[in-house]
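[1] Compute the structure for the input listed below.
(4 chains)
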Protein chains: 4
Amino acid sequence: MGLVGGGPGSFIGRIHRIAAELDGEAKLVCGAFSSDAQRSREAGAAYQVDPARAYPSYAKMFEAELALPADRRMDFVAVVTPNHVHYEPARLALEHGFHVVVDKPLCFSLNEARDLQAAVERTGGVLAVTYTYSGYPLIKEARALIQGGRIGGVRKIYVEYPQGWLATDLEGGGQKQASWRTDPTRSGAGGAIGDIGTHAAHLAEYVSGLRITQIAAMLNTFVPGRQLDDDASMLLRFDNGASGVLVATQVAAGEENNLSLRIYGELGSIEWRHADPNSLVLRSLNAPLQILRTGSPYLGEAATRSTRTPPGHPEGYVEAFANIYAAFYRSVRAHADGAKFDPRSYDFPGINDGVRGMAFIEAAIRSAWSQQKWTEFV
Amino acid sequence: MGLVGGGPGSFIGRIHRIAAELDGEAKLVCGAFSSDAQRSREAGAAYQVDPARAYPSYAKMFEAELALPADRRMDFVAVVTPNHVHYEPARLALEHGFHVVVDKPLCFSLNEARDLQAAVERTGGVLAVTYTYSGYPLIKEARALIQGGRIGGVRKIYVEYPQGWLATDLEGGGQKQASWRTDPTRSGAGGAIGDIGTHAAHLAEYVSGLRITQIAAMLNTFVPGRQLDDDASMLLRFDNGASGVLVATQVAAGEENNLSLRIYGELGSIEWRHADPNSLVLRSLNAPLQILRTGSPYLGEAATRSTRTPPGHPEGYVEAFANIYAAFYRSVRAHADGAKFDPRSYDFPGINDGVRGMAFIEAAIRSAWSQQKWTEFV
Amino acid sequence: MGLVGGGPGSFIGRIHRIAAELDGEAKLVCGAFSSDAQRSREAGAAYQVDPARAYPSYAKMFEAELALPADRRMDFVAVVTPNHVHYEPARLALEHGFHVVVDKPLCFSLNEARDLQAAVERTGGVLAVTYTYSGYPLIKEARALIQGGRIGGVRKIYVEYPQGWLATDLEGGGQKQASWRTDPTRSGAGGAIGDIGTHAAHLAEYVSGLRITQIAAMLNTFVPGRQLDDDASMLLRFDNGASGVLVATQVAAGEENNLSLRIYGELGSIEWRHADPNSLVLRSLNAPLQILRTGSPYLGEAATRSTRTPPGHPEGYVEAFANIYAAFYRSVRAHADGAKFDPRSYDFPGINDGVRGMAFIEAAIRSAWSQQKWTEFV
Amino acid sequence: MGLVGGGPGSFIGRIHRIAAELDGEAKLVCGAFSSDAQRSREAGAAYQVDPARAYPSYAKMFEAELALPADRRMDFVAVVTPNHVHYEPARLALEHGFHVVVDKPLCFSLNEARDLQAAVERTGGVLAVTYTYSGYPLIKEARALIQGGRIGGVRKIYVEYPQGWLATDLEGGGQKQASWRTDPTRSGAGGAIGDIGTHAAHLAEYVSGLRITQIAAMLNTFVPGRQLDDDASMLLRFDNGASGVLVATQVAAGEENNLSLRIYGELGSIEWRHADPNSLVLRSLNAPLQILRTGSPYLGEAATRSTRTPPGHPEGYVEAFANIYAAFYRSVRAHADGAKFDPRSYDFPGINDGVRGMAFIEAAIRSAWSQQKWTEFV
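    Okay, here's the model as predicted:
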């Protein structure tokens, strides 16, 4: 495994390393941790990587690693830079024969996304996008329950992702994470809608098995001087006739990362909250509410395979992240083996999810500017 | 106190009686409990009312009571019939000099509502509409905190009222509550939007002190054959520039009465859920979340005056209901005394709230049919 | 209904009136609200009682009421004075042919309790003790589930009642409720153990259907200068071989009234918390946890008969209290009718529960002073 | 890092590896994973360890590793076998100059524990015992708050650890984890009291900074045929005059791993539950309850240093475990450097905690058999 980005001050780089290594299969061996060669070296030392493999640029990394014997070279790269530096390293990696994990959203624009999709098809590489929340065991259980008809036909989907960390002008004070996320030249056209709205949309579609077909969006910028939206709400229509609401806001003062999902069907409903990720609420008509818990013997196969500890040992964010890496890495090895294998092992967000996320951002912005109530999203 | 409606099978009639009598001030003494004279007599016996005062019609009741000596006659009437029988008894009561409590929504249509408003102005009677949730002590605390600037300028309001009791075709089986609520000739033009959407809208405006100015609504009917909406979602804009989302659905399978309200300001936010009405969550930037509890010494005056027990003795729905009655009844007595008195005692939903609720229903329906994203609501 | 006590400053007198009147059957008509005649008159006015029936003493009240025609006289009296003034008015009431509700604990000492038990037997009067928590619908459901074998044979019972209101020397400041409760001449030999420990013990036995047979108790007094225990913990053994723990403390700084009960059997367990009284947690071996909710259609008869609102309308303390009054009052009327009737209607804490509570206080104190681990409680 | 134990079917071996490697510092390089050479090889392959370093016994491992160059040899060993195979490998490791992590409880008996304590002192090695729960960030915050006087002098401590996994005769069915834990020849004299009671006792003392001085214990065996206790309750007295209750049971049907801790002081109280480890409830006299959350900026240094993600990204069991490893490993490196360093880095459970745990087990058993209420624990 190699990293693009993840240098000093990066929270997400460290998470990618932990997640990739958690099951003792992948190992971080190199990186272009910063576009500043000195900072890349320092980061490499902190990661305890061979100094010779702390590269000054991703281009150099791909060349140098390719020159190594196959059993020593990195087998995939994780791209954890700001959005405007996703496309180029991902494409280049694929073209050098490396598989790729990209932090969400996939890239800077829908055009870039489609180019990257073409590159995946052209090279046959494996690409994952870390829509992390889809890695939680009980999210997989919810998906399986709905696929199995447990709540009947889906009618309503409410997904919301309130955060409060951008309630004030953090970027004005130079906070690094806030700065690039609120800068349209680095983040892309979407602010909150891109950073967390895409998580919400992905989760809603992943769990329900449905596709959003129409949206009626409102985007706002509450903090004066900010250049991108910091707040989004929209009405949703799905391909089976279900409807819903999506909320993604970064100005919900006092909120942490309170992603939640509720799906109501004809016979019952599920509710999952990121603040308590090891509980899944299952409601039914005229029966007591049930709470399903991570690691329990009554859960289905997908949830069970995604769990590392017995019930009652709280699992969290890094395990969810690691579940995406584990599925990705199984695919990478299958690719290396040239073998077919159990398609359930490919249960991770891939290039199509990434492209759809970029299309969602653009549709939301289009809708927000439209006087028409409904905007198509296909 | 007299009742119009509230005969056998009525849940809400019993609640009005309990709420009105809870503080030992009002007393149910008569009623036109049913339009069937025999059923009215039976109900009167169940309520332990003097058989002579169990009237066969509200018109007869108003006449007969007016003929009694002032110290024996009822002083106000509570109208707890289906919506299409609100306007006429309420107007007639006012014209006979009786004060009125009307169950929500105020009546059948905005036109009726405006006529009733005129009747109130003409007669000088006191009229309350039981938007019950505004009677909870911590709702009053939330309102006071926001008025006091505790969370800064309001930016976002999320209010939702999911119920599941109409997830199936209950009216097809003849269930009485379901039958009239899904019948446009008895309920009016709104289904879920009228029955519970108006609660949600009232609560959002009451607590925030803001007014909704624009809505973008989607109404759905999920249960086949049903004639009114059973599901509503809408985006909101408020007069201070805040925005929000309102959800009111009766097909959220497995939900009870899970009204919740979240209001986010520049400095913090409040969250209140009907399922745990004695807790108010107060979040602030960079400080621990706080949970304020009913009856606690640190609460403000409005919350404190609305509480009957020390902290830790759960209060609920009937106490909230009784708080509306208590404020209404103080007004009735003040009216009787001809005296001015503390305007804070008039803290109950009145005719203007009732009219606004009817206007909200009609605006929501207008918006739902419109291709334009935003519909004005004034 | 008449009151003994409940004058100015009494919280519990007001609750007794609300609870007794909630279902529109009983009505407060007289009282000896204070041993000070002037204060009794003032309280009577506040309760809107006929001034002639605001008596200067309970002895006078019993005589005067007995002299009234049967259809005008009070039919029962509620004794809500401090513990040292329970026995005498209760006994006297019974001897005058009035039924009695006594606030818990029954009286001042086990000797008094036994005398009162004899009086009940001698007079044939009906006597209730307001162990309020046994009136909650889901407590009745828990009891029914256990009786029905839902959790198998009971093994463990944990009951605790932490309060924080006596964490400081309130009585030193003259607070009325604190003063008599910490005064052995008014409260009796037990402090926390009597005031709330008896609630906990009653609830454990009522729900489990078991009887405590041995205790190993520790009583503490944490606030300097206080004359009675303000904190109690004990190990328990039950008559079926189950064991458990009981905690009752009034120095748990920051706690309200957080009574909770957990009972573990061979097949599952129940958990109920007073802070969320409308939820009952039911756990089973190898199955998802369930949450049963007040008012739901799947509940048993005892719970259903104890509920006044549909699911999702929070019920609380006054309804639980009213359930005890309702059952008591059914017994009073049955007594008046000379008729037998459904024994399930007699589901309220009576004289035997009251005597057992007094025995529990004395056993706990005996155990606390003993060097032996186990003290018998029969 | 080397492992003793952790072969096929071991949950805890895998957790030790993840926790040790989480921060990218330690790396599992060898193991005596099973006393069966073939199974040890298989486990080594699963862990992706060099086949030559999957040893058939710990004795061979220590010799072989010692023979390697210092920069290639393991630097410490984690002992994750059943209790009766803790002492010997730990002592031998120390004598070969390896540092040691031992899973709790420290060993088989207090005598063994004291011998091991002598070995630590003799060899100067670093030894950690994985009392995991002390590694949670908010546990460290609770400790810091109490040390800082935030809740005043401590009066009451309630700690409980209910599990339900041994509610039935799992060992009769041959379940591996159940078999050795209920076998006195492998587990030692304590069942539940040793397996989880020691966790609870350690946590209570660690957070409060107090020491238990007297206990009044009841041990039970509920499942027929079981040879060790599966249930424990006890009253506690602490060295500052505080008192408390400890519960540890493995027959609480339906419970997972619901460790919880509440500590009440003169001014307030803290509450922490393992089921929601990223929330710490802080109550104060006459002020709203607060909930402190992992990763928040207002937390103290010890909590902050123990956190890897921003607030709202749930951390769990492996991170808590990793925090113990991180502190242990800092000590190992300090030892290697011969340097003194910040004593706060040594914040992990060590040999003294391990010895105290074994003494606790023996005191609990002594008390359970005693007719005297109180047994000294020093």
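[2] is any part of stretch A:267-285 close to chain D?
    Yes - judged by C-beta under 8 Å from any C-beta of the partner chain, stretch A:267-285 and chain D are in contact via A:His274, A:Ala275, A:Asp276, A:Pro277. C-beta: built from backbone N, CA, C; applies to glycine.
[3] Over stretch A:36-56, what's the mean pLDDT, rounded is fine.
    On average, the pLDDT along stretch A:36-56 is 95.
[4] Could you see whether chain D lies near that stretch?
    Yes - under the criterion of C-beta under 8 Å from any C-beta, chain D is reached by stretch A:36-56 at A:Tyr47, A:Gln48.
[5] Identify each buried residue in that stretch, please.
    For stretch A:36-56, the neighbour count (16 or more other C-beta atoms under 10 Å in any protein chain shown) marks A:Arg39, A:Ser40, A:Arg41, A:Glu42, A:Ala43, A:Gly44, A:Tyr47, A:Val49, A:Arg53, A:Ala54, A:Tyr55, A:Pro56 as buried.
[6] For the spatially most central residue of chain A, give me the pLDDT.
    In chain A, the centroid-proximal residue (C-alpha atoms, centre = their mean) is A:Tyr131; its distance is 1.7 Å. Confidence at A:Tyr131, expressed as pLDDT, is 98.
[7] Also A:Asp337?
    For A:Asp337, pLDDT reads 80.
[8] The one 10 residues further on too?
    In the predicted model, A:Asp347 carries a pLDDT score of 90.
[9] Assess the claim that A:Leu280 and A:Ile270 are in contact.
    Yes - assessed by C-beta atoms under 8 Å, A:Leu280 is found in contact with A:Ile270 at 6.3 Å.
[10] follow-up on the earlier one: from the residues of stretch A:267-285 next to chain D, pick the one nearest A:Gly357.
    A:His274 (18.1 Å; C-beta to C-beta).
[11] Look up how far chain B lies from that closest one.
    The gap separating A:His274 from chain B is 16 Å, by C-beta to the nearest C-beta, to the nearest Å.
[12] quick one: contacts for that residue?
    Going by C-beta atoms under 8 Å, 6 or more residues apart in numbering or on different chains, A:His274 touches A:Tyr133, A:Asn257, A:Asn258, A:Leu259, A:Ser260, D:Gly312, D:Pro314.
[13] just to revisit the earlier point, any common contacting residues for A:Leu280 and A:Ile270?
    A:Ala142.
[14] Which ones among the contacts of A:His274 lie within strands?
    A:Ser260 (DSSP state E).
[15] Quick check: the farthest pair among the contacts of A:His274?
    So for the contacts of A:His274, where distance means C-beta to C-beta, the most widely separated pair is A:Ser260 and D:Pro314, at 13.2 Å.
[16] Those two: which has the busier surroundings?
    D:Pro314 (26 against 18; other C-beta atoms under 10 Å in any protein chain shown).
[17] So chain A: which segments form each domain?
    As assigned by automatic domain parsing, chain A contains the domains A:2-129, A:134-310+A:353-369.
[18] For B:Val251, find the nearest of those domains.
    Short answer: domain A:134-310+A:353-369, nearest of the domains of chain A by C-beta to C-beta, at 5.9 Å.
[19] model confidence over the closest one, on average?
    If you average the pLDDT over domain A:134-310+A:353-369, you get 97.
[20] Since that was my last question, I'll sign off now.
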